[in-house]
Structures are given as C-alpha cells and as structure tokens.
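K.L.:
predicted structure and sequence below. I'll ask about it afterward.
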Amino acid sequence: MSETTEGRTGAGAKDNGAARPAVQAIDRAVAILKCFSPRRPEMGISDIARATGLSTSTTHRILASMQANGLVRQTAQRRYALGPLLVQLARSGAFPTTLRDAALGAMRELRAIVDETVGLHELLPGNERAVIDQVESHHALRRTYTELGVPIPLVYGAPGKAMLAFLPRPAAEELLAGPIDAVTPATITDPARLRIELEAIRERGYALSFSERTPGIRTVAAPVFDHESGVAGSISVSAPESRMPEDRMFELGPVVVRTAGEVSEVLGCTRE
C-alpha cells in the first residue's frame, strides 16, 4: 500500500515538474514579446537577452519555438520582429476596434446586476466627453440619455470627472483653470474643491455625481483605459435620486470599477 501511495506521489511530482517548465516557457515568451515596440520593432538575440535577463542560449531556444509558431519572424538582417500570427489575429476582427464594441457586452451585464441605466462615455480629442451609447434601465422612471454625441466638458458629472482624474496633470489643470459655470444648483464650480475630489477619485477608482449636471439624477462612473494605459472613456450607472441614496452609490462604485476594468482589458490595457 505504501508503494502504491509513493508511486502516485511520484507521478504527481513528475506532472507538476512538467507543468512548471511549460508555464515558465510561456512567461518567457511573453517577456520577449513585450520587448518589441514602435521604437524597437526589430531586435537581435543579444538585445532581447539583455532586455529579458535571459541567457543567450535560452533566448535563442525560445525564439526558435516562437518563430515556428508565427509569434516572431526573422528579418533579412537576422534580427527578430513580431510575427505573422499576431498580425493575422489583429486584423481578423477578433479584437474590438472601437470603445462601443469593447463595452456593449459588459454594459448589458452591468445593467442586469443593477437594473439602472448604464452609459458609455468617450473622451474626445479636445478633452471633452460624449455619451456614445447606453443600456437603459427597465424601470418606468429611469435615466435616459438624449444628447448622444454632444460634447460635454469633463468638469460636469461623474463620467467626466472619472476621466479628468486620470488625465495627465497639465491637461487636467488646463481644464480646471477655465471658468466653471453652474449648470445645476449642485454643480461644483470651485476648482480647489474639484482638485480635492479628483484626488479622492484617483484613490478609490470611481467618481460620484449628486445631480451636478442633470437635476434629480445621481451617477457613479469609472474610467476606461486603452492599450497605452491612457484614458479612453468611462462607464456610468445613473438613476433618479429616489433610487440612488448615497450608501448605494458607494456600494455600486466597486461594481462599476470592475466593469470598466473588463472593458479596459478588452481594449488591451494591462494597468491595475
């Protein structure tokens, strides 16, 4: 009986030992892929070995396997570049190409959880935002966006503040420097107060709006990031004040952050 147990233990140990090198090889291949960038589209074996901390022989062995699978290719100068399989996957349509494509499924799932209107907001080139889509609540009394595509300053409402908090500081300060007109009695017009709130947003990951842009509507929003870890937009949950007490807003915050994180991951973001 002890022999049988030992035999099973030995087999298990062999299986685990086989799994570890396989996982390690994947980790190393990923590390090699991360070496390439627009500034370094081609690299030699020595360059890759230095960048990854691998030995030259290990790097050569992994590159040979990656080349056989189309993950890298060898150039005429016997350097390495990203391979045809990656290009095929990128152009196959398997990856969403727009924020709306990346977000719609997650927005529907979020609406199913909270049964409030979920909005999708995109950062515009002039550091304004626009509502580009929504999945409406089933409630008869609900938030419905009617200004799809209309530019909105980032200082107004939770969706804009969620983006503003994660813009580069100079860009954010430029927006805070201009006059902020009150669009509702609850609009925050004091830049100093907004700066304090933006710091809180950066710490917790989501923004709140207490009828600051639309009277009677409260909103929770979290930023969405792109493949370069830059702000691409935000996801929001909005509802009438009667269904959105403050404690519920703080409960929904982490849920909205998770959804925004899922969309960011689809867009290629690797930031935490």
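P.N.:
Everything's here; your move.

K.L.:
right, and residue 236 touches residue 255 too?
P.N.:
No. In this structure, residue 236 is not within contact of residue 255 by CB atoms under 8 Å, at 11.9 Å. For the C-beta atoms, the positions are set from N, CA and C on the backbone; glycine is no exception.

K.L.:
of the two, who's got more company?
P.N.:
Higher neighbour count among residue 236 and residue 255: residue 236, with 31 against 16, using other CB atoms under 10 Å.

K.L.:
and after whatever helix or strand that one lives in, which helix or strand comes next?
P.N.:
Residue 236 is part of strand 231-240 when elements are defined by DSSP states H and E. Past strand 231-240, further along toward the C-terminus, the next helix or strand under DSSP H and E is helix 246-266.

K.L.:
that next one - contacts with which helices or strands?
P.N.:
helix 99-114, strand 207-210, strand 217-225, strand 231-240 (3 or more CB pairs under 8 Å, 6 or more residues apart in numbering; DSSP states H and E).

K.L.:
select, out of those, the one closest to residue 23.
P.N.:
For those, proximity to residue 23 was assessed by CB to CB; strand 217-225 is nearest, at 27.3 Å.

K.L.:
what's the angle from that closest one to helix 246-266?
P.N.:
Angle, strand 217-225 to helix 246-266, by axes from the mean of the first three to the mean of the last three CA atoms, to 10 degrees: 30 degrees.

K.L.:
and strand 217-225, how far from the chain's centre?
P.N.:
Centroid displacement of strand 217-225 relative to its chain, using CA atoms, centre = their mean, to the nearest Å, is 14 Å.

K.L.:
got the CA coordinates for stretch 100-109 in PDB?
P.N.:
This file holds the C-alpha atoms of stretch 100-109, laid out as PDB (Å, rounded to 0.1, in the frame of the first residue of the first chain):
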ATOM      1  CA  ARG A 100     -18.500  50.700 -28.200                       C
ATOM      2  CA  ASP A 101     -17.600  47.200 -29.500                       C
ATOM      3  CA  ALA A 102     -15.500  46.600 -26.400                       C
ATOM      4  CA  ALA A 103     -18.000  47.800 -23.900                       C
ATOM      5  CA  LEU A 104     -21.500  46.700 -25.000                       C
ATOM      6  CA  GLY A 105     -21.500  43.200 -23.600                       C
ATOM      7  CA  ALA A 106     -20.100  44.300 -20.300                       C
ATOM      8  CA  MET A 107     -22.700  47.200 -20.100                       C
ATOM      9  CA  ARG A 108     -25.500  44.700 -20.600                       C
ATOM     10  CA  GLU A 109     -24.100  42.500 -17.800                       C
END
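
K.L.:
re earlier: partner strands of the strand holding residue 236, with direction?
P.N.:
Note on strand 231-240: by DSSP bridges, its sheet partners are strand 117-123 (antiparallel), strand 217-225 (antiparallel).

K.L.:
reformat the ones you listed as a markdown table; add mean pLDDT, distance to residue 75 and mean neighbour count.
P.N.:
Below are the strands paired with strand 231-240 laid out as a markdown table (pLDDT from 0 to 100; distance: least, CB to CB, whole Å; neighbours: other CB atoms under 10 Å):
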| stretch | mean pLDDT | distance to residue 75 | mean neighbour count |
| --- | --- | --- | --- |
| strand 117-123 | 98 | 37 | 26 |
| strand 217-225 | 98 | 32 | 27 |
